[in-house]
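Novice: Next comes the sequence, and after it the predicted model I'd like to discuss.
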Amino acid sequence: MFRRLLPKEEKYFENFREMVQHVSDMADLTLKLFSSETIDKSIILEIKPIERRCDEITNKVFKRLNQTFITPFDREDVFNLIKKLDDIGDILFAATIRVDIFNSNKKIKYADELVSIIVQQLKALEIAIQDLKAKHVNECKAVKDLETEADTIYRSAIKELFSEEKDAIELIKKKEILGLLEDASDKCQSAANVILSIFIKNA
């Protein structure tokens, strides 16, 4: 009788998988946005509802954590993993929104390279999250290696930006967008670190 009253642990895993899929979809659309020579701002309208669904999943998980005491692993890790994934989506959305706010119409150099790395990181995270009971250490390591690559690209982008961009306002706009994309890559690594923590604690 008591077992039937316990929450189904699988709900959390479903939420993780759903969340990373939504964030991956956002990354794919963000790559499409920043890859075009002329920015198509209608893509931003496709990203917004996905970002909203991510917020809904996060709130659902937080509510469940507050109402129950049975979790598939440490409550802190459940909280941190869903929050890190939501952060990635929030940052990607923030970067795309800046395009509209700043009225940017032309391709921002290096932005597509940074988003391409984020797309790869999320694919690795998807594999790891599909089965958190398996130990996808290689995928987590791949996320970290890709983050290092993103750092290198970001430094090159900023160096070139300060060297070549003569319009101070444009420099500020581009630097902020590139910084957000680099931050999204950092958050992917943070999510991978949480997954590694789950593996270690449940070894």
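Specialist: Alright, I've got the coordinates. The shown structure was predicted, so the numbers you read here are calculated from the model rather than taken from an experiment.
Novice: can you pull out the strands in this structure?
Specialist: Applying DSSP state E to the chain gives no strands.
Novice: Spell out for me which residue occupies the centre of it.
Specialist: Ile88 (2.6 Å; Cα atoms, centre = their mean).
Novice: Who's the closest spatial neighbour of that one, skipping the chain neighbours?
Specialist: Computed as Cβ to Cβ, 6 or more residues apart in numbering, the closest residue to Ile88 that is not its neighbour in sequence is Lys187, at 4.6 Å. All C-beta spots, glycine's among them, are computed from the backbone N, C-alpha and C.
Novice: List the contacts of that neighbour.
Specialist: 84, 87-88, 91 (Cβ atoms under 8 Å, 6 or more residues apart in numbering).
Novice: so what pLDDT did it get?
Specialist: Lys187 carries a pLDDT score of 98 in this model.
Novice: do the one 5 residues further on as well
Specialist: We note a pLDDT of 96 for Ala192 in this prediction.
Novice: Looks like it contacts Ile127 (just checking).
Specialist: No - the criterion here is Cβ atoms under 8 Å, and Ala192 misses it with Ile127 at 11.1 Å.
Novice: Show me which of those two is the more surrounded one.
Specialist: Ala192 (25 against 16; other Cβ atoms under 10 Å).
Novice: least trustworthy helix or strand in the chain by mean pLDDT?
Specialist: Ranking every helix and strand in the chain by mean pLDDT, DSSP states H and E puts helix 2-5 at the bottom, with a mean of 38.
Novice: anything in contact with each of Ala192 and Ile127?
Specialist: With Cβ under 8 Å, 6+ apart as the test, Ala192 and Ile127 both reach Glu139.
Novice: hmm, back to that, using TSV, please lay out the contacts of Lys187 together with distance to Lys48 and pLDDT.
Specialist: Output for the contacts of Lys187, formatted as TSV (distance: Cβ to Cβ, whole Å; pLDDT from 0 to 100):
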residue	distance to Lys48	pLDDT
Lys84	21	97
Asp87	17	98
Ile88	16	98
Ile91	14	98
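Novice: check contacts around the residue nearest to Cys140 when sequence neighbours are not counted.
Specialist: Distances taken as Cβ to Cβ, 6+ apart put Ala192 closest to Cys140, at 4.2 Å, once the chain neighbours are dropped. The neighbourhood of Ala192, defined by Cβ under 8 Å, 6+ apart, consists of 121, 124-125, 128, 139-140, 143-144.
Novice: Report the contact partners of the residue nearest to the centre of the chain.
Specialist: Contact analysis of Ile88 by Cβ under 8 Å, 6+ apart lists 23, 27, 118, 122, 184, 187-188, 191.
Novice: how much space is there between it and Ser36?
Specialist: For Ile88, the distance to Ser36 equals 22 Å [Cβ to Cβ, to the nearest Å].
Novice: Kindly report the same for Glu113.
Specialist: Taking Cβ to Cβ, one finds Glu113 at 14 Å from Ser36.
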